[in-house]
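*Asks:* Okay, predicted coordinates and the sequence, questions at the end:
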Protein chains: 2
Amino acid sequence: MAQTAEPAAQSREYDVVVLGAGPVGENVADRANALGLSAVIVESELVGGECSYWACMPSKALLRPVAARADARRVPGLPEAAGGPLDARAVFARRDAFTSHWKDDGQVDWLDSAGIDFVRGKGRLAGPKRVTVDGGPELIARHAVAVCTGSSAALPDLPGLATARPWTSREATSAQAVPGRLAVVGGGVVAVEMATAFQALGSRVTMLVRGSSLLARMEPFAGELVAESLAEGGADLRWNTSVEEVRRADPDGPVTLTLGGGERIEADEVLFATGRAPRTDDLGLETVGLEPGSWLEVDDSCLVTAVEGGWLYAVGDVNHRALLTHQGKYQARIAGAAIAARARGTSKLDTGRWGAHAATADTAAVPQVVFTDPEAASAGLTTEEAERAGYRVRSVDVDLGGVAGASLYADGYRGRARMVVDLDREVVLGATFVGPGIGELLHSATVAVAAEVPLSRLWHAVPAYPTISEVWLRLLEAYRG
Amino acid sequence: MAQTAEPAAQSREYDVVVLGAGPVGENVADRANALGLSAVIVESELVGGECSYWACMPSKALLRPVAARADARRVPGLPEAAGGPLDARAVFARRDAFTSHWKDDGQVDWLDSAGIDFVRGKGRLAGPKRVTVDGGPELIARHAVAVCTGSSAALPDLPGLATARPWTSREATSAQAVPGRLAVVGGGVVAVEMATAFQALGSRVTMLVRGSSLLARMEPFAGELVAESLAEGGADLRWNTSVEEVRRADPDGPVTLTLGGGERIEADEVLFATGRAPRTDDLGLETVGLEPGSWLEVDDSCLVTAVEGGWLYAVGDVNHRALLTHQGKYQARIAGAAIAARARGTSKLDTGRWGAHAATADTAAVPQVVFTDPEAASAGLTTEEAERAGYRVRSVDVDLGGVAGASLYADGYRGRARMVVDLDREVVLGATFVGPGIGELLHSATVAVAAEVPLSRLWHAVPAYPTISEVWLRLLEAYRG
């Protein structure tokens, strides 16, 4: 293990060199290592990555108190005093603990304990199987280099943006104060989650949405129910809205957004949640014939298809297959196993559908939970995605409010579920649940979709009464008609 | 539809006669009806059965506020005032609404709308395919009689019991006041759930447990974690304790329990949660050669094995396969389909393992959620059950407190998970989860067990990050070793 800079002239050889020490890079190195290969990780920022410090962990830490209190207020027993904004100081303090106060000592120790070498610095490819590190050693990869550098917030090119000090997901998740007025540009997961969190903490939220819906990649009712709830909580949702200019005239003053129609909106902070860009712009990709700043196309084992020789892998967000921590970790396990198998000279990898060396779930069974109130969760394909993929499908919906377990869970329960069925094989291609308390229910759908369980067998998977999971029985009944 | 008494001399013919209008009887009649058979239900108590009025619904209504408040208090944001006992008046009022104030008009209307005839009165078999109803018509079954009369609380034969007015599950779930001191005899599901509810409502609870553990049918850590939590909440748990005598000397005074060692305990109410007895003692079973008061043994289609002619079914608790509402309803769907198939003269029923006419899940994939705090949930077989059934098994455990989603869910999260694997087929035979917020997670295990999904495929069922469901990844890793 070496954290200190060493003479650049020195070069070291490893079986696997990993660029990026987020959860994805850690998992690639860990799997390769566990399978007998030596591995080194290069990272210029914090070990643990976006997820640990500026995404999943802090956002969920901000959101869990929102859901817990909302759920408690939907049944009797709490005193009236449990209304009003959440105690922001306490919520931020808990969030700070979950991000280890943005220090990575614990993660560095974990690498050490796992037997993975670590070099802190900016790593770049310098030709096939060669990585240089600013102020550090040159690293030679015997078998594989894995690019696991993830993605960063994509900011639009707007007049005044530089002066406005806009928030991205990083500033929102690491905020130490609650803005009185928060403008959120975007309508995807980051936008709705941060709108939910800051609204509960006391911000007046305005959402500026380019299209006419939230969570556009999920079934339409997901965005509708989340929008309804945000609006009831006081948020001002503006649809089909473009932002043309952003200025903060006084560095200590508010920010002014000019909208497409000329209207101006003032806010104390503005969050741009307008998509992601690959962190591949300064990785030396040009030395191996790839375009800097591009997403890296890979096969199902995460091998970059445009590079010959079977040594360059791109795992996690950078390959643009499924920009989610858990899918990146899944790819990492598979890529790690594939690297080890190829290093052993295994003639035949198990790269068939659902094989040990194929990230099949990326296209067939991706789960996602959006921690809004209500929660929105989906696994597999939406109706539209299934149809676009050429399946003959039927989708059935169930009103979750009519399920006994849901009505017991919360007074006035509002929610909806949808199951997308492949009519030819009678298996579930996808499922979506929206409502309070459905986050953990999702995994039942993920298992059903990934295992391609026939509906005839799902009838034998009896939901415990009275849980919200009984929606599965209602979905099967609705399908039977 | 006939609710009023009619001359006994009159007799009516139906394809199916159902005794008992709980959820199980309702589902048998509904399935048979939907498949083209005429059906009548006979019920002397409330339509909707034990579950609706004195079990699942009211107990969950009492318990949900306990869990919701406990969960909210485990994250920051709630004011200090959210401590202390729950507002019992409000909790009881909500419970009363969920039991429709112990009136069954809504359920009777549902039978009507479903096209199922209903006779209110005490029904009894009077020989093969004949049912008499006190003060009502004689009912002739063309194809089947289904006994769906369920079970009732079994009280021990103790000196003084008659004077003591003990609570059973019925009195506990329908209580209108919180006893200052509640003694609970038993350590099973009813005992721990009612101890949890009344402790949160303000009772001082003493549990008198015959053995040395709670929830003895689950993996041992379930009872251990629930016991730990009850004790921390102030409950006095007495192990290896027998109750020898119960007296309430003054009808308006407290009840005194004499324990095996001679010690006396005083309480305001005593709940006996000491098992169930079949409600078959006054059903005319002797007219078809069966013993009144016995559990009725059935095959996988719920046909009573000791009676010839293929017309008598016993569905739900009475058959003693799995005393749970959801399993009874599952059996009811299968029995209803089997009755219809046999009525059509179908030569071959699908009674193979996991067939449409076989309640296979009763022995292989029963789910149960115990709504204590922490929740305890299991699906399929425990380690001991799997070994006893002759499987070659390996069980792996994971500390839920170490799962990111769990630690975010609640500060100081305590919980545990176990997966029982069939070493020969590498499929999951059972799983147990204990911890806050795991109730809906269970269905993922139920699907995995019922569908016999190989572990190699479960690796592709990626849990969304950061949810508690990520425990599945930890379990798979623990198994891989």
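*Replies:* Structure's in. What do you need?

*Asks:* So which bits of the stretch 1-150 of chain A are right by chain B?
*Replies:* If contacts are counted using C-beta under 8 Å from any C-beta of the partner chain, the residues of the stretch 1-150 of chain A sitting beside chain B are A:51, A:56-57, A:60-61, A:64-66, A:68-69, A:71-72, A:74-79, A:81-82, A:86-87, A:90-91, A:93-94, A:98. Where you see a C-beta, it was placed from the backbone N, CA and C, and this is true even at glycine.

*Asks:* 6 Å - rerun?
*Replies:* Remark: the part of the stretch 1-150 of chain A in contact with chain B comprises A:56, A:60-61, A:64-65, A:68-69, A:71-72, A:75-79, A:81-82, A:86-87, A:90-91, A:94, using C-beta under 6 Å from any C-beta of the partner chain.

*Asks:* Which of the residues you listed fall in helices?
*Replies:* Within the residues of the stretch 1-150 of chain A next to chain B, membership in helices is found for A:56, A:60-61, A:64-65, A:68-69, A:71-72, A:90-91, A:94, as judged by DSSP state H.

*Asks:* Between all of those residues, which two are separated the most?
*Replies:* When those are compared pair by pair using C-beta to C-beta, the two farthest from each other are A:Cys56 and A:Ala72, 23.8 Å apart.

*Asks:* Read off the pLDDT value for A:Leu35.
*Replies:* According to the model's per-residue confidence, A:Leu35 sits at a pLDDT of 95.

*Asks:* right, I mislabeled it, should have said A:Leu86
*Replies:* In the predicted model, A:Leu86 carries a pLDDT score of 89.

*Asks:* how about it, what does it touch?
*Replies:* Contact analysis of A:Leu86 by C-beta atoms under 6 Å, 6 or more residues apart in numbering or on different chains lists A:65, A:200-201, B:77.

*Asks:* Tell me the one of these nearest A:Arg238?
*Replies:* A:Ala200 (20.4 Å).

*Asks:* tell me which residues of the one helix or strand in chain A whose mean pLDDT sits lowest are tucked away?
*Replies:* Sorting the helices and strands of chain A by mean pLDDT, DSSP states H and E puts helix A:161-164 at the bottom, at a mean of 92. Judged by neighbour count (16 or more other C-beta atoms under 10 Å in any protein chain shown), helix A:161-164 contains these buried residues: A:161, A:164.

*Asks:* related to what we said a few turns ago, so for A:Cys56 and A:Ala72, which residue has more residues nearby?
*Replies:* More neighbours sit around A:Cys56 than around the other of A:Cys56 and A:Ala72, counting by other C-beta atoms under 10 Å in any protein chain shown; the figures are 25 against 22.

*Asks:* Test my guess that that one contacts B:Pro466.
*Replies:* Yes. Taking contact to mean C-beta atoms under 6 Å, the distance of 5.2 Å between A:Cys56 and B:Pro466 places them in contact.

*Asks:* Look up phi and psi at the nearest residue to A:Arg474 once chain neighbours are set aside.
*Replies:* For A:Arg474, ignoring the flanking residues on the chain, the nearest one in space by C-beta to C-beta, 6 or more residues apart in numbering or on different chains is A:Val398 at 4.3 Å. The phi/psi pair for A:Val398 (degrees, to the nearest 10) reads phi -130, psi 140.

*Asks:* okay, now A:Val398: neighbour count?
*Replies:* What A:Val398 shows, counting by other C-beta under 10 Å, is a neighbour count of 24.

*Asks:* ok, it - contacts?
*Replies:* Applying C-beta under 6 Å, 6+ apart, the residues contacting A:Val398 are A:417, A:471, A:474-475, A:478.

*Asks:* Closest one to chain B out of those, please.
*Replies:* Minimum distance to chain B across these is 9.4 Å, recorded for A:Val471 (C-beta to the nearest C-beta).

*Asks:* elements contacting the helix or strand harbouring that closest one?
*Replies:* With the criterion set as DSSP states H and E, the secondary-structure element containing A:Val471 is helix A:471-480. Helices and strands touching helix A:471-480, as assessed by 3 or more C-beta pairs under 6 Å, 6 or more residues apart in numbering or on different chains; DSSP states H and E, comprise strand A:393-399.

*Asks:* report the angle between the axes of the strand it packs on and helix A:471-480?
*Replies:* Comparing the axes of strand A:393-399 and helix A:471-480 via axes from the mean of the first three to the mean of the last three C-alpha atoms, to 10 degrees yields an angle of 130 degrees.

*Asks:* CA atoms of strand A:393-399 as PDB?
*Replies:* Taking C-alpha atoms only, strand A:393-399 is exported to PDB below (Å, rounded to 0.1, in the frame of the first residue of the first chain):
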ATOM      1  CA  VAL A 393     -47.300  -7.400 -23.400                       C
ATOM      2  CA  ARG A 394     -50.200  -6.800 -21.200                       C
ATOM      3  CA  SER A 395     -50.000  -4.500 -18.200                       C
ATOM      4  CA  VAL A 396     -52.300  -4.600 -15.300                       C
ATOM      5  CA  ASP A 397     -52.700  -2.000 -12.600                       C
ATOM      6  CA  VAL A 398     -53.900  -2.200  -9.000                       C
ATOM      7  CA  ASP A 399     -54.900   0.700  -6.700                       C
END
